[in-house]
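Novice: For reference, the sequence and a predicted model appear below.
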Amino acid sequence: MLSSPDRFRVSYFCDLCAVRDWGLATLATLQITSFPSQVRVEEFLSISGTSQDLAGQPLTLVIDNQFQMGAGAVPSNGLWSFRFRFTSPGSRSLVILAQDQQGNGVRSQTIAITVVNATPPPLQITALPAQVRISENFTFRGIAQGLDNRPLTLIVDDQYRFTLGNIPVGGNWGAQFRLTSPGNRKLVVSATNSQGTALNSPAVNLLVTDTPLPQIAINTFPAQVAVRQEFVISGTASGLAGQPVTLTIDNQFKTTAGMVAANGTWQSVFQFLQPGMRRLTASVENLANPVISNTVTITVAGVSPRLLITPPDQPIYAETEFELAGEARNFADGEQLVIQADRKYILGRPIVQNQRWRSQLFFYQPGQRLIEVIASDQEKAQIELTIQATPSSLQIFPRSIWSSTTTSEGIPDLLNPKRITLHHTVIALLPTTATQAQEIQRMRQILDIHLNSSGYSDIGYHYIIMPSGRIYEGRNSRKRGAHDLVNDGVGVAVDGDFQGSLRIGAQQYEAVVGLCTLLCKRLGISDPVTPVSTITADFGTRSLARILGHRDRVITACPGTLADRLAGIRQEVKQRLS
């Protein structure tokens, strides 16, 4: 059961529960007060608003419930604003998030902005160097629409005009030019259309300097090396003495390469960890305009791999722990590796012992998973595993079956959960014969109550069990729930109102036992019966079993008559675990 964030007003949903979650009970407020209803792609827009008790706190902008970016910090007067631009069209949603001094999440209302494609100007400069020297010839290019064969004029600093010739058919034009005075020069190109209307391009700026431009080059490097063979790469630089040099490998990975010496030389010792045709570029990047060298290619011959994964010889099932192991040849004892799934989820950090590694893994869902064992960006091994569905009588349906939205990434992660809290939803019971369509509608009803009556940022429970025994995923199980104030475990609710004498039926009870058994395996709970020291919201620290009721931690009647059956649930789960 969930409850109102106000301890002195009983809501429709329950009695007393304030949870730490985005948009929940706190004295702090956050409001968007000014924003445009429509903008063009790449057009800067201003968003501003007011806040209370958030001075100095960072703001986060969430776009379309998917993308996040920093939005500055709240000034001391609470009046905040920032500028932003969209890079793609559509109806876009925005919400601002913050945390108060106690760590409580605060969120603004959600606003919608229509983003339309911008109409490009008929005349543009599209390619221009950032900087040139006095009297140095440079090339610049652009595009023109509907101006074929029309004369093109360059206007410098709004006063000097130079003829560049006629615009070619198709509108793609280019020209060479040179400037004889230093400074930040303003360039515009102009043409007159067939109706006699003068059209100017948007202005661009070009820095013209009277000092030699800094340069860096790679001069010495081997044509071929072996994997892990050290070699020297060196070069020269002008106007960059004392600056740090960066090596970029394959346009992706960066590493430091020492400093430019006073005599304008630099060198670095390097080695590749993977074979292939590898590209290197040197650069100095801590300048207003980074200086980049030529790119060189080195052939790296392969050697026997050092990291190996031993393919599992038994089927792998979802919800069942298994061991993955392999070799780490020529690695020192104590070196740490990283195991990653699908190139984004960290599953483990095994330690090398006797040139081998091993790790216990666990997957919630069946399917094909790409597993990588990583020592560095350039040294890794991978294998594709097939995770089979676990034979089970439980019917667990994903969130996607009842909602098109997902749990916000802005909600804090649920770290190392070690208990299961049981609730009831306090909504009139559906019959056991209810259709799945009715149950889906019930899930949407619960979400609506949590969002609009309780003020939560998502459904509060991780799982909801219907009277039919069907189970529905709620909040993402990787995220902290909003269900018992402490929220350090998984929240499971049985649908129905059990505040009186009504008791859950056999199908719902069996699903509770089955789901709790599954969650205990997932969370590593081997003993759901023996009490352990547990922090509560209203009773200090108590000795409680790891499967408990809402009222064990908060002053509430939840989960109603289900609390009388907790002892039996724990015993049945323990038997199934043994």
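Specialist: Right, received. Where do you want to start?
Novice: so what's residue 532 bridging to?
Specialist: residue 544 (DSSP bridges).
Novice: got it, and residue 225?
Specialist: residue 300.
Novice: What separation do you get for it and residue 472?
Specialist: In this view, residue 225 and residue 472 are 57 Å apart by C-beta to C-beta, to the nearest Å. All C-beta spots, glycine's among them, are computed from the backbone N, C-alpha and C.
Novice: between those two, who's got more neighbours?
Specialist: residue 472 (26 against 19; other C-beta atoms under 10 Å).
Novice: contacting residues around the more buried one?
Specialist: 396-397, 399, 401-402, 439, 443, 463-464, 466 (C-beta atoms under 8 Å, 6 or more residues apart in numbering).
Novice: what's the most distant pair in these?
Specialist: 399 and 466 (14.6 Å; C-beta to C-beta).
Novice: So residue 385: helix, strand or coil?
Specialist: Residue 385 falls in the strand class when you classify it by DSSP: H, G, I helix; E, B strand; the rest coil.
Novice: whoops, residue 205 was the one
Specialist: strand.
Novice: which residue sits closest to it in space, ignoring its chain neighbours?
Specialist: Excluding the flanking residues, the one nearest residue 205 by C-beta to C-beta, 6 or more residues apart in numbering is residue 184, at 5.5 Å.
Novice: For burial, what's the neighbour tally of the one you found?
Specialist: 11.
Novice: can I assume it sits in a helix?
Specialist: No. Judged by three-state DSSP, residue 184 forms no part of a helix; its state is strand.
Novice: ok, it touching residue 203?
Specialist: No. Using C-beta atoms under 8 Å, residue 184 is not in contact with residue 203, being 11.4 Å away.
Novice: Could you give me the buried positions within the helix or strand where residue 124 lies?
Specialist: Using DSSP states H and E, residue 124 sits within strand 123-127. Using 16 or more other C-beta atoms under 10 Å as the test for burial, strand 123-127 gives 123-125.
Novice: and residue 187, what is it in contact with?
Specialist: Neighbours of residue 187 in contact, by C-beta under 8 Å, 6+ apart: 125, 128, 140, 154-156, 203-206.
Novice: that older thread, which one's more surrounded, residue 399 and residue 466?
Specialist: Using other C-beta under 10 Å, the more surrounded residue of residue 399 and residue 466 is residue 466, with 26 against 19.
Novice: Distance from the chain centre to the helix or strand following the strand holding residue 124, please.
Specialist: Following strand 123-127 in sequence order, the next helix or strand is strand 131-133 (DSSP H and E). Here the centre of strand 131-133 is set off from its chain's centre by 39 Å, with C-alpha atoms, centre = their mean, to the nearest Å.
Novice: Report the rounded mean pLDDT for the next helix or strand along the chain from strand 131-133.
Specialist: Downstream of strand 131-133, the first helix or strand assigned by DSSP H and E is strand 138-144. In this model, strand 138-144 carries a mean pLDDT of 91.
Novice: in strand 138-144, what's buried?
Specialist: Going by 16+ other C-beta under 10 Å, strand 138-144 has these buried residues: 138, 140, 142-144.
Novice: picking up where we left off before, how about CSV for the buried residues of strand 123-127, with distance to residue 270 added?
Specialist: Output for the buried residues of strand 123-127, formatted as CSV (distance: C-beta to C-beta, whole Å):
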residue, distance to residue 270
123, 47
124, 42
125, 39
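Novice: May I see the residues you listed arranged in a markdown table, with pLDDT and distance to residue 280 as well?
Specialist: Shown next, in a markdown table, are the buried residues of strand 123-127 (pLDDT from 0 to 100; distance: C-beta to C-beta, whole Å):
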| residue | pLDDT | distance to residue 280 |
| --- | --- | --- |
| 123 | 92 | 40 |
| 124 | 90 | 35 |
| 125 | 90 | 32 |
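Novice: Would you state the strands of the stretch 351-500 of the chain in chain order?
Specialist: Counting by DSSP state E, counting those that start in this stretch, one finds strands in the stretch 351-500 of the chain at the ranges 356-361, 367-376, 379-388, 396-397, 420-424, 463-465, 471-473, 490-494.
Novice: Output these in JSON lines; the columns should cover distance to residue 413 and mean pLDDT.
Specialist: Shown next, in JSON lines, are these (distance: least, C-beta to C-beta, whole Å; pLDDT from 0 to 100):
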{"stretch": "strand 356-361", "distance to residue 413": "19", "mean pLDDT": "92"}
{"stretch": "strand 367-376", "distance to residue 413": "20", "mean pLDDT": "89"}
{"stretch": "strand 379-388", "distance to residue 413": "22", "mean pLDDT": "87"}
{"stretch": "strand 396-397", "distance to residue 413": "22", "mean pLDDT": "90"}
{"stretch": "strand 420-424", "distance to residue 413": "18", "mean pLDDT": "97"}
{"stretch": "strand 463-465", "distance to residue 413": "18", "mean pLDDT": "97"}
{"stretch": "strand 471-473", "distance to residue 413": "17", "mean pLDDT": "95"}
{"stretch": "strand 490-494", "distance to residue 413": "13", "mean pLDDT": "97"}
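Novice: The residue nearest to residue 198 when sequence neighbours are not counted: what's it in contact with?
Specialist: Leaving aside its sequence neighbours, residue 198 sits nearest to residue 192 (C-beta to C-beta, 6+ apart; 5.2 Å). Contact analysis of residue 192 by C-beta under 8 Å, 6+ apart lists 150-151, 198-199.
Novice: Distance-wise, check residue 192 relative to residue 281.
Specialist: From residue 192 to residue 281 the distance is 44 Å (C-beta to C-beta).
Novice: And residue 150, by the same measure?
Specialist: Applying C-beta to C-beta to residue 150 and residue 281 gives a distance of 40 Å.
Novice: Repeat that for residue 275.
Specialist: 20 Å.
Novice: ok, the two, which is more surrounded?
Specialist: The neighbour comparison of residue 275 against residue 281 (other C-beta under 10 Å) goes to residue 281, with 18 against 15.
Novice: Can you point out the buried residues in the strand or helix carrying the more buried one?
Specialist: Using DSSP H and E, residue 281 maps to strand 276-284. Neighbour counts using 16+ other C-beta under 10 Å place 278, 280-284 of strand 276-284 among the buried residues.
Novice: Contacts for it, please.
Specialist: With C-beta under 8 Å, 6+ apart, strand 276-284 has contacts from 214, 216-218, 221, 233, 235, 237, 240, 243-251, 257, 260, 266, 270, 272, 290-300.
Novice: Just the buried ones among those, please.
Specialist: 214, 216, 218, 221, 233, 235, 237, 240, 243, 245-249, 257, 260, 266, 270, 272, 291, 293, 296, 298, 300.
Novice: which ones among those residues are found in strands?
Specialist: 216, 218, 233, 235, 237, 245-249, 257, 266, 270, 291, 293, 296, 298, 300 (DSSP state E).
Novice: Domain parsing of this protein, as residue ranges.
Specialist: With domains defined by automatic domain parsing, the chain comprises 29-116, 123-201, 215-299, 307-388, 411-577.
Novice: which of those domains is buried the deepest?
Specialist: Comparing the domains of the chain by mean neighbour count (mean count of other C-beta atoms under 10 Å), domain 411-577 comes out on top with a mean of 19.
Novice: one step back: what strands line up against the strand holding residue 281, and which way round?
Specialist: With DSSP bridges as the test, strand 276-284 pairs up with strand 244-249 (antiparallel), strand 291-301 (antiparallel).
Novice: Give the rounded mean pLDDT of it.
Specialist: Mean predicted confidence for strand 276-284 is 90.
Novice: cool, and stretch 237-249?
Specialist: Taken as a whole, stretch 237-249 carries a mean pLDDT of 91.
Novice: contact partners of that stretch?
Specialist: Under C-beta under 8 Å, 6+ apart, the answer for stretch 237-249 is 211-217, 233, 254-262, 264-266, 268, 270, 272, 278-287, 291, 378.
Novice: May I have that stretch exported as CSV, CA atoms only?
Specialist: Taking C-alpha atoms only, stretch 237-249 is exported to CSV below (Å, rounded to 0.1, in the frame of the first residue of the first chain):
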residue,chain,number,x,y,z
ALA,A,237,55.6,21.2,-33.6
SER,A,238,55.9,25.0,-34.0
GLY,A,239,54.5,27.6,-31.7
LEU,A,240,53.5,24.9,-29.2
ALA,A,241,56.5,24.6,-26.8
GLY,A,242,55.4,23.2,-23.4
GLN,A,243,52.0,22.1,-24.6
PRO,A,244,50.8,18.5,-23.9
VAL,A,245,50.4,16.2,-26.9
THR,A,246,47.5,13.8,-27.3
LEU,A,247,47.5,10.7,-29.4
THR,A,248,44.2,9.6,-31.0
ILE,A,249,43.9,6.0,-32.0
